[in-house]
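[1] sequence and predicted structure are below.
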Amino acid sequence: MPATEHVHLIEQIAEGFNTGALDAITELVSPSLAGFTRDLALLRQAFPDARFTLEDILADGDKLADRYTIAGTHARPFLGIPATGRQIHLAGISIVRVSGGKIAERWAVTDQLGLLGNSAPCRQALRDEPAPPRTPRTANHLEKEARSCLPVSGSLTSSCSA
């Protein structure tokens, strides 16, 4: 499959997202990328007017890199945050590998913090609530917080109360 056809796959994903044809996207990616299609569906549900814009695409053999933005209105709940009516802008870069006419692998970095903020104070700001006052932290306090977030012996899970 030539690189131009690989580029067309990415363009079809953007078009499927923009038109709400999410089932069409499922046909363009391998079953192992179900999480990717689920995430697109969650975004589309919470931001129904969202537009997926491809800013740049580079193709080399069976791999493509794309830079994209998704912008829309927060019209429905998203990740437990009630609709705010505010505009969101999500920027991302992904690299995909195409095999058998489908996207077989995907690696991506997205501006998740820019999408909704990175803490309870940011989520409160989205709801137009004042953030609670922050307690000044000393080096000792930060060290204790870091230790409390370390994995429990032999476990990949951790508990962080900070």
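    Now that the structure is in, tell me what you want to look at. As the structure is a computational prediction, the values presented were derived from the model and not from experiment. Numbers count the residues shown, from 1 in each chain.
[2] alpha carbons only for contacts and neighbour counts from here, please
    Noted.
[3] now do the strands in this protein.
    For the chain, strands defined by DSSP state E occupy the ranges 51-60, 63-73, 87-99, 102-110.
[4] what sits against the closest residue in space to residue 22 that isn't next to it in sequence?
    If the residues on either side of it in the chain are set aside, residue 22 comes closest to residue 16, at 5.7 Å by Cα to Cα, 6 or more residues apart in numbering. Counting by Cα atoms under 8 Å, 6 or more residues apart in numbering, residue 16 touches 22, 24, 25.
[5] how about 10 Å then?
    10, 22, 23, 24, 25, 26, 52 (Cα atoms under 10 Å, 6 or more residues apart in numbering).
[6] what do you get for residue 15?
    Going by Cα under 10 Å, 6+ apart, the list of residues near residue 15 reads 9, 21, 22, 24, 25, 51, 52, 53, 54.
[7] with residue 19 instead?
    13, 44, 48, 49, 50, 51, 52.
[8] just residue 41 next, same as before
    Contacts of residue 41 (Cα under 10 Å, 6+ apart): 17, 20, 21, 22, 23, 35, 47, 48.
[9] can you list the contacts of residue 16 in TSV and add neighbour count?
    Formatted as TSV, the contacts of residue 16 follow (neighbours: other Cα atoms under 10 Å):
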residue	neighbour count
10	21
22	19
23	12
24	14
25	20
26	18
52	22
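[10] mind putting those into TSV with distance to residue 81 and pLDDT?
    Shown next, in TSV, are the contacts of residue 16 (distance: Cα to Cα, whole Å; pLDDT from 0 to 100):
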residue	distance to residue 81	pLDDT
10	30	93
22	23	92
23	26	92
24	28	92
25	26	93
26	27	93
52	22	96
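[11] contacts only, for the spatially closest residue to residue 30 that is not a sequence neighbour.
    The shortest distance from residue 30 to any non-neighbouring residue, by Cα to Cα, 6+ apart, is to residue 104 (5.2 Å). Residue 104 makes contact with 28, 29, 30, 31, 32, 33, 62, 96, 97, 98, according to Cα under 10 Å, 6+ apart.
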